[in-house]
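Undergrad: Any chance you could fold what I've pasted below:
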Amino acid sequence: MQLTTAGRAIWQGAKEVRRLAEAGAGDPEVVKRLHTLKSVKALRESKRSWDEIEELLGISRATYYRWRKVGKKRG
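TA: Predicted structure coming up:
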């Protein structure tokens, strides 16, 4: 049986949903951490110092790199 374009898209979408569920993407804590990681990245690109970032977002540089490492490991 050959999948149509719509069928293939649905199949790929289902695989992506399963992957995100396994990674805990629906967890509010995970969503918050991802938002914080994106915020840190944006602030660093705008040449903000780590002292400013720590004050604005409430996380240390070590915490940022730890969260980033875990995120890369889990995909």
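
Undergrad: from here on, contacts and neighbour counts on C-alpha atoms
TA: Will do.

Undergrad: List of residues touching stretch 60-75?
TA: Ala23, Arg33, Leu37, Val40, Trp50, Glu54 (CA atoms under 8 Å, 6 or more residues apart in numbering).

Undergrad: Dump those to CSV, plus pLDDT, neighbour count and distance to Lys73.
TA: Listed next are these as CSV, based on pLDDT from 0 to 100; neighbours: other CA atoms under 10 Å; distance: CA to CA, whole Å:
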residue, pLDDT, neighbour count, distance to Lys73
Ala23, 64, 14, 10
Arg33, 85, 15, 15
Leu37, 90, 20, 15
Val40, 92, 21, 19
Trp50, 92, 15, 24
Glu54, 93, 14, 24
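
Undergrad: Show me the residues you listed that map onto strands.
TA: Assigned to strands by DSSP state E, none of the contacts of stretch 60-75 qualify.

Undergrad: Just put those in JSON lines and tack on distance to Gly71.
TA: JSON lines is the format used below for these (distance: CA to CA, whole Å):
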{"residue": "Ala23", "distance to Gly71": "9"}
{"residue": "Arg33", "distance to Gly71": "9"}
{"residue": "Leu37", "distance to Gly71": "10"}
{"residue": "Val40", "distance to Gly71": "14"}
{"residue": "Trp50", "distance to Gly71": "20"}
{"residue": "Glu54", "distance to Gly71": "20"}
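
Undergrad: And the helices in this structure?
TA: Ranges of helices in the chain, per DSSP state H, are 5-23, 28-45, 50-57, 61-74.

Undergrad: Least confident of these, on average?
TA: Of all the helices of the chain, the minimum mean pLDDT falls on helix 5-23 (a mean of 64).

Undergrad: which two in the contacts of stretch 60-75 are spaced the farthest apart?
TA: Using CA to CA, the pair of the contacts of stretch 60-75 lying farthest apart is Ala23 and Trp50, separated by 28.3 Å.

Undergrad: So what's the residue count around the residue nearest to Trp50 when sequence neighbours are not counted?
TA: Spatial nearest neighbour of Trp50, chain neighbours left out: Arg61 (6.7 Å); criterion: CA to CA, 6 or more residues apart in numbering. By the criterion of other CA atoms under 10 Å, Arg61 has 14 neighbours.
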